[in-house]
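Engineer: Pasting the sequence and the predicted coordinates here, then a few questions.
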Amino acid sequence: MNFTKMHGLGNDFVVVAEFSSVPDRIDSLAQSVCDRHFGIGADGLVLILPHERADFAMRIFNADGTEAEQCGNAVRCVAKYVFDKQLTDKEEILLETRVGIQRLKLVIERGEVAQVTVDMGEPKLAGREIPTQVEAERVIDHPISVADGEFRFTAVSMGNPHAVIFVESLESVRLHQAGPQIETNLLFPRRTNVEFVQVHGPDEVTMRVWERGCGETLACGSGACAVVVAGVLNGRTSRNAVVHLQGGDLQIEWRESDNRVYMTGPSRIVFEGVY
Ligand SMILES: N[C@@H](CCC[C@H](N)C(=O)O)C(=O)O
C-alpha cells in the first residue's frame with residue numbers, strides 16, 4: 001500500500017489514495033498503520049476516494065480503528081494532497097465526508113497549497129452525543145463529575161462530538177487523567193472529544209485536546225471550531241478568533257450571516273512510503 005505521511009499542525013495522518021472504496025477490516029488496518037512502535041505512527045488513517053457528486057471523498061479512521069464523522073486537519077491535508085500531486089488544478093474543491101459535501105478554498109504559494117479555508121458546516125448544539133436527560137435542550141455550561149474532579153462543559157457537534165471546558169489556566173489541567181474519564185463518561189454514548197480552553201481575550205484562546213479514539217493530539221480542527229462556538233455561546237469569545245494549539249494556530253470564524261464555521265490553517269507532506 002502506497003502512503004503519504006501528512007500533518008495539520010502536528011495532528012498526523014497516514015494518507016492513502018489508492019483504494020476505490022473502503023477496504024474490509026479497515027479498523028485493524030488503521031490500528032496497525034497508526035501504531036507508533038510497530039507501524040508508521042499517526043493519529044489517524046485517511047482514505048481519499050473517488051466520488052460521483054464531489055471532486056473527491058474522504059474517510060477518516062482514528063488510531064483505535066473507529067471511524068470519525070469529521071476531521072478538520074485531515075480535510076486540509078486532503079486539499080494539499082490532491083492539488084500538490086496534480087490530481088486536480090481546482091483552487092476550490094468539493095469534498096464528500098461523513099458530514100456531507102465540504103467546500104475547501106486553497107491558498108496557493110509557489111505552486112503548492114500553503115493554507116486551506118474549510119467550510120466546516122453549521123454547528124449543532126443538540127445531537128446524539130448530548131446526554132439523554134437533556135436531549136431537547138442546548139447543553140451549555142453543564143456540570144460533569146469524573147474521578148479527576150468537577151468540570152462544566154458545553155457540548156458542540158461539528159458532525160463529531162466535542163465537550164468544551166473553559167478553565168482559568170491550562171497549567172492545572174491533568175489532560176491524561178481527566179481527558180479519558182470525560183471521553184468515556186456515560187453522558188456521551190458515542191464518547192466525545194474533549195477540549196480544555198484558556199481564554200486570553202475575545203479574539204484569542206489556547207486549547208489542549210484529548211481526542212476520542214487517539215488520546216492527546218497536537219491539534220484538532222473540528223475541536224477548534226467547537227471551541228469558538230462554545231466561546232460565543234458562553235459570552236467568552238467573539239465569532240472570529242485565533243486558536244492556539246500545541247502544534248500551531250488556526251483562525252476560526254463562526255459566521256453570523258450563514259451560521260457556518262470556517263477554519264483556516266496549513267497542512268504539510270512529511271514523507272512517503274510503501275506499507
Ligand atoms: N483531529 C481531528 C478530529 C479527528 C476525529 C476525532 N478524534 C473524533 O473521533 O471525532 C480534527 O482535526 O478535527
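Structural biologist: Done, it's in. Numbers count the residues shown, from 1 in each chain.
Engineer: For the rest of this, base every contact and every neighbour count on C-alpha atoms.
Structural biologist: Will do.
Engineer: Any residues of this protein in contact with the ligand? List them.
Structural biologist: Residues of the chain lying close to the ligand by C-alpha under 6 Å from any ligand atom are 62, 68, 70-73, 160, 211-213, 220-223.
Engineer: repeat that for 8 Å
Structural biologist: Residues of the chain lying close to the ligand by C-alpha under 8 Å from any ligand atom are 8, 11, 43-44, 60-62, 66-75, 160-162, 192-193, 211-214, 217, 219-224.
Engineer: count of residues packed around the residue in the stretch 1-150 of the chain that the ligand sits nearest to?
Structural biologist: At 3.3 Å from the ligand, Cys71 is the closest residue in the stretch 1-150 of the chain, using C-alpha to the nearest ligand atom. By the measure other C-alpha atoms under 10 Å, the count of residues near Cys71 is 26.
Engineer: Likewise for Ala163?
Structural biologist: 31.
Engineer: my guess is it meets Leu187, correct?
Structural biologist: No - between Ala163 and Leu187 there is no contact under C-alpha atoms under 8 Å: 10.5 Å.
Engineer: where's Glu96, which helix or strand?
Structural biologist: Using DSSP states H and E, the element containing Glu96 is strand 92-97.
Engineer: now for that strand, which elements pack on it?
Structural biologist: strand 56-62, strand 100-109 (3 or more C-alpha pairs under 8 Å, 6 or more residues apart in numbering; DSSP states H and E).
Engineer: export these to CSV and tack on mean neighbour count, distance to Asp89 and mean pLDDT?
Structural biologist: Listed next are the helices and strands packed on strand 92-97 as CSV, based on neighbours: other C-alpha atoms under 10 Å; distance: least, C-alpha to C-alpha, whole Å; pLDDT from 0 to 100:
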stretch, mean neighbour count, distance to Asp89, mean pLDDT
strand 56-62, 23, 13, 98
strand 100-109, 18, 10, 98
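Engineer: CSV please, covering those strands and showing distance to Met207.
Structural biologist: Shown next, in CSV, are the helices and strands packed on strand 92-97 (distance: least, C-alpha to C-alpha, whole Å):
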stretch, distance to Met207
strand 56-62, 20
strand 100-109, 24
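Engineer: Can you tell me the closest non-neighbouring residue to Pro266?
Structural biologist: Counting by C-alpha to C-alpha, 6 or more residues apart in numbering, the nearest residue to Pro266 once its immediate chain neighbours are dropped is Gln115, at 4.4 Å.
Engineer: Other residues contacting the helix or strand that the one you found is a member of?
Structural biologist: Gln115 is part of strand 112-119 when elements are defined by DSSP H and E. Under the criterion C-alpha atoms under 8 Å, 6 or more residues apart in numbering, residues 72, 75-76, 79-80, 83-84, 102-108, 260-267 lie in contact with strand 112-119.
Engineer: Run through the stretch 151-275 of the chain and note the low-pLDDT ranges.
Structural biologist: Counting by pLDDT under 70, the stretch 151-275 of the chain shows no low-confidence range.
Engineer: all strands of it, in order?
Structural biologist: Counting by DSSP state E, counting those that start in this stretch, the stretch 151-275 of the chain has these strands, from start to end: 161-166, 193-201, 204-211, 215-217, 240-245, 248-254, 261-265, 268-274.
Engineer: So in that sheet, which strands flank the last one, and in what orientation?
Structural biologist: This points to strand 268-274. Applying DSSP bridges to the sheet, strand 268-274 is found paired with strand 2-8 (antiparallel).
Engineer: other SSEs contacting the helix or strand just after the strand it pairs with?
Structural biologist: Sequence-wise, the next helix or strand downstream of strand 2-8 (DSSP H and E) is strand 11-16. When contacts are defined as 3+ C-alpha pairs under 8 Å, 6+ apart, strand 11-16 sits against strand 2-8, helix 26-34, strand 44-49.
Engineer: And strand 11-16, how far out from the chain middle?
Structural biologist: Offset of strand 11-16 from its chain centre (C-alpha atoms, centre = their mean, to the nearest Å): 13 Å.
Engineer: If anything else comes up later, I'll come back, but that's it for now.
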